[in-house]
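> prediction below, plus the sequence it came from.
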Amino acid sequence: MAKRSPHYRSFAVAFEDDHLIVVSKPGGLLTNMAESGEQTLQDQVRRHAKKSAEPDAVAPSAVHRLDRFTSGLVVFGKTQRALEAMGELLRDGKLEKRYWVLVCGADLPKTGRIEAALERTESGKRKMQVSEAEHAQPAQTEYETEETIGDFALLSVRIHTGRTHQIRVHCAHIGHPVAGDNIYGDRKVNAELRRQHGLQRQFIHARELAFAHPITGETLRLQAKLPKDLSRVLKSLRAK
């Protein structure tokens, strides 16, 4: 990925105060932990976020991550108190996360729940698989079919756990891989989606987060609209 000027900002702010900043990440940008000197979302947030006036202020740090090619909402802590409290919310399943996901195949039930534990495969550092092994991590995903578009279905997905690649592996597990997914998806279908509809990445967008502010107790329900690249794909599919 091309290097960006350190002054470049690609994210939109959904919420910010002295303790938290919640931003919408574009697809293609790492959340943090780059290995090659590549600029990450966290680098950008640290440069552009308002400095906290709290005595335990820290450099904004990601509470959770999204895959590089997944867009949408990410929470950063700006104080040590907020970081620790948000970590507890995350571990306790009190950070409600909802996504827009386009999957291959329109023959899904209106609603569904996928409960399948996950573990890393031996073939890839970050590749995951469904497993019944004792050490596999429990994972739960709920979905509701919002729209069927030809041979595809647009789902509203809520995850109750935050395992690596959870949505992607669970959708593939039930025979409806995520459109544009280059690891768990259908290569032939993905090639047609690129050629005919311009889909260049996996169609997953973290559209909504809901949680109690860890310091003020205020209920926050934050949303990020579908980015232009994914909106264009839906428009093209609907016009077919």
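That came through, no problem.

> and the residue of the chain most remote from its centre, what element?
Among the C-alpha atoms of the chain, the one farthest from their average position, using Cα atoms, centre = their mean, is that of P55, at 31.2 Å. Following DSSP states H and E, there is no helix or strand that holds P55.

> what separation do you get for it and G175?
For P55, the distance to G175 under the criterion Cβ to Cβ, to the nearest Å works out to 53 Å. C-betas here are computed from N, CA, C, even on glycine.

> over to E122?
Remark: distance between E122 and G175 (Cβ to Cβ) = 24 Å.

> comparing the two, which shows the higher neighbour count?
Just comparing E122 and G175: by other Cβ atoms under 10 Å the higher neighbour count belongs to G175, 11 against 7.

> could you verify that Q42 is part of a helix?
Yes. Q42 forms part of a helix when assessed by DSSP: H, G, I helix; E, B strand; the rest coil.

> does it touch F76 like I think?
Yes. Under the criterion of Cβ atoms under 8 Å, Q42 makes contact with F76 at 7.2 Å.

> higher neighbour count, those two?
In this view Q42 and F76 are compared by other Cβ under 10 Å, and F76 has more residues nearby, 26 against 21.

> now do the SS call for the residue nearest to that one when sequence neighbours are not counted.
Spatial nearest neighbour of F76, excluding adjacent residues (Cβ to Cβ, 6 or more residues apart in numbering): P60 at 4.2 Å. Secondary structure state of P60, per three-state DSSP, is strand.

> for the one 5 residues further on, same thing?
Taken by three-state DSSP, the conformation at R65 corresponds to coil.

> please renumber the chain so that the first residue is 707 from this point on.
Sure, I'll start numbering at 707, so the last one becomes R771.
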